[in-house]
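J.: pasting the sequence and the predicted coordinates here, then a few questions.
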Amino acid sequence: MSDMYSNDSNRGSSMMMGFVLGAVVGASLALIMAPATGEETRRRIGDTARKIGKEGRQRFDQARETVSSLSDDAKHVIDSGREAFSRVRQGADSEKPFQATTNPARTTP
């Protein structure tokens with residue numbers, strides 16, 4: 001089950017890296033191709049860097065919340081399993097051992 005989450009996590013990380021890389025390359029090409037003064041270009045680079053940083057922080061916060069939620073869910077499942085196991089074990093310890101009995105109403109041919 002943990003493999004399922006790690007595969008989703010890896011896929012999400014790869015997608016995020018692709019998005020960030022595409023944004024950086026696209027922004028860089030747009031700045032290089034567009035005629036602007038040095039001051040304007042530096043301002044655009046700064047604005048783009050801040051925007052990418054803000055988006056990165058938002059994505060990181062989302063990922064952290066998802067991991068926290070998955071961790072809480074896993075702890076709950078483990079605790080529930082332990083409780084169920086304890087109840088079954090206590091029930092088995094308190095019962096008498098199984099003894100085969102014959103049914104007097106039933107006759108064998």
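T.: Yep, that arrived.
J.: what about the helices in the protein?
T.: Secondary structure of the chain (DSSP state H): helices located at 2-33, 38-94.
J.: mind telling me which of these the model trusts least?
T.: Mean pLDDT per stretch puts helix 2-33 lowest among the helices of the chain, at a mean of 72.
J.: just put the helices of the chain in a markdown table and tack on mean neighbour count.
T.: In short, each C-beta sits where N, CA and C put it, glycine included. Below are the helices of the chain laid out as a markdown table (neighbours: other CB atoms under 10 Å):
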| stretch | mean neighbour count |
| --- | --- |
| helix 2-33 | 11 |
| helix 38-94 | 11 |
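J.: measure Val20 to Asp72 for me?
T.: Counting by CB to CB, to the nearest Å, the separation of Val20 from Asp72 is 28 Å.
J.: repeat that for Glu39.
T.: From Glu39 across to Asp72, the span is 50 Å (CB to CB).
J.: same question for Leu29.
T.: Leu29 is 43 Å from Asp72, by CB to CB.
J.: same question, Ile52
T.: Distance of Ile52 to Asp72, computed by CB to CB: 30 Å.
J.: Arg42 too?
T.: As judged by CB to CB, Arg42 and Asp72 stand 45 Å apart.
J.: same deal with Pro35?
T.: From Pro35 to Asp72 the distance is 53 Å (CB to CB).
J.: next one: Ile45
T.: Ile45 is 41 Å from Asp72, by CB to CB.
J.: ends of stretch 32-39, how far apart?
T.: 13 Å (CA to CA, to the nearest Å).
J.: who's in contact with it?
T.: Contacts with stretch 32-39, where a contact means CB atoms under 8 Å, 6 or more residues apart in numbering, come from Arg44.
J.: report the distance from that stretch to the chain centre.
T.: 42 Å (CA atoms, centre = their mean, to the nearest Å).
J.: over to stretch 73-86?
T.: Worked out by CA atoms, centre = their mean, stretch 73-86 lies 19 Å from the chain centre.
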